[in-house]
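A.B. asks: predicted model, plus sequence, below.
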Amino acid sequence: MSGVYKSLSKSGSSKAQAPAKGVRKNKQRVLVLSSRGVTYRHRHLLNDLASMLPHGRKDAKFDSKSNLGQLNELAELYNCNNVMFFEARKGQDLYIWLSKVPNGPTVKMHCQNLHTMEELHFTGNCLKGSRPILSFDEAFEKDAHLRVIKELFLHVFGVPEGARKSKPFIDHEISFSVADGKIWVRNYQITEVEASKTKDRDASEPVKESKSGSGGKDTDISLVEIGPRFVLTPIIIQEGSFGGPIVYENRLFVSPNQVRAELRKTKASKHNARAEKQLELLAKKGDLGLRRQGGKELPRDELDTRELFA
């Protein structure tokens, strides 16, 4: 019995000390799916983002747009703790939901100015499945709702080390910047080029050695955009996962339906102004005796041209 106890105690101590000595695993899996009614541009954007997330799980289209709570059960079925849901409205408006399953929070954002990789034709390129560097603007630390959104971006776009289908390389950067109340998302390739000895360097200046360079020479690091690019406008933040009380609401957000309604009203006002001018012109002609009243011709007077030159 003592031998069994010693073996169990040794195995238990080794398991307890393993996480402290080894690398702590960041287990993050993302479920990426869309609703019915997405356009081809929305679908291409979803495919581009899914290719950038090797720790993601792409699923078929979700039928319901009202009962989004079913996405929690779907995420648990696929063993995912993050959900990125593309909701299409009226075949032209795209809303992106980011949720942390099962306890939340959930962010709903309106996606605008989206351009896929096929549209841009940029020269940049990166290895499929490589891990990105996430770059955030300083504005994400100023407001509370932006800190929540930043944490969700870290869990969704941050590829954990050792994830399935991921490569042990870091060759691109995803940039998140805040301007005009919107979040601008860009994807760049990290390129390293050996700098020449004569370029921007004096003869007396010592040569700097870089740790990453194979030849021990100085390297110039630059960024080349890959794509896709899009702009996100935060709308609401819910406390739970696809439900719960609203902890943040963007009062400055204007729905695209309201924008289109205002455009239709302006066009209708122009039409109404032209119609009123036409009525005024007809009224003036009627006062001058130049038009008919009730479908009957006005009585001719002696000075009418039809009487004078009959």
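C.D. replies: Cool, got the structure.
A.B. asks: what are the ranges of the helices in the stretch 101-250 of the chain?
C.D. replies: Secondary structure of the stretch 101-250 of the chain by DSSP state H, counting those that start in this stretch: the helices cover 117-120, 144-157.
A.B. asks: residue ranges with poor pLDDT in the stretch 51-200 of the chain?
C.D. replies: 196-200 (pLDDT under 70).
A.B. asks: how far does stretch 77-87 sit from the chain's center?
C.D. replies: 16 Å (Cα atoms, centre = their mean, to the nearest Å).
A.B. asks: could the helices of the stretch 101-250 of the chain be laid out in TSV, adding distance to residue 97 and mean neighbour count?
C.D. replies: For the C-beta atoms, the positions are set from N, CA and C on the backbone; glycine is no exception. Output for the helices of the stretch 101-250 of the chain, formatted as TSV (distance: least, Cβ to Cβ, whole Å; neighbours: other Cβ atoms under 10 Å):
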stretch	distance to residue 97	mean neighbour count
helix 117-120	23	15
helix 144-157	10	18
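A.B. asks: after the longest helix anywhere in the chain comes which helix or strand?
C.D. replies: Using DSSP state H, we find that the single longest helix of the chain is helix 256-287. Counting by DSSP states H and E, the next helix or strand C-terminal to helix 256-287 is helix 305-308.
A.B. asks: what does that following helix contact?
C.D. replies: Helix 305-308 has contacts (Cβ atoms under 8 Å, 6 or more residues apart in numbering) with 300, 301.
A.B. asks: figure out how far it is from the centre of its chain.
C.D. replies: With Cα atoms, centre = their mean, you get 75 Å for helix 305-308.
A.B. asks: nearest to residue 188 among the helices of the stretch 101-250 of the chain would be which one?
C.D. replies: helix 117-120 (12.4 Å; Cβ to Cβ).
A.B. asks: just checking, what packs against the closest one?
C.D. replies: Using 3 or more Cβ pairs under 8 Å, 6 or more residues apart in numbering; DSSP states H and E, the elements in contact with helix 117-120 are helix 40-52.
A.B. asks: any idea of the angle the helix it packs on forms with helix 144-157?
C.D. replies: Interaxial angle of helix 40-52 relative to helix 144-157 (axes from the mean of the first three to the mean of the last three Cα atoms, to 10 degrees): 70 degrees.
A.B. asks: and whatever helix or strand comes next after helix 40-52, how far out from the chain middle?
C.D. replies: Proceeding N to C from helix 40-52, the next assigned helix or strand is strand 56-58, under DSSP H and E. Distance of strand 56-58 from the chain centroid (Cα atoms, centre = their mean) equals 17 Å.
A.B. asks: could you report the neighbour count for the residue nearest to residue 223 when sequence neighbours are not counted?
C.D. replies: Distances taken as Cβ to Cβ, 6 or more residues apart in numbering put residue 188 closest to residue 223, at 4.0 Å, once the chain neighbours are dropped. Residue 188 is flanked by 21 other residues according to other Cβ atoms under 10 Å.
A.B. asks: isn't residue 188 up against residue 172?
C.D. replies: Yes - taking contacts as Cβ atoms under 8 Å, residue 188 lies within contact range of residue 172: 6.3 Å.
A.B. asks: mutual contacts of these two, please.
C.D. replies: Residues touching both residue 188 and residue 172 by Cβ under 8 Å, 6+ apart: 124, 226.
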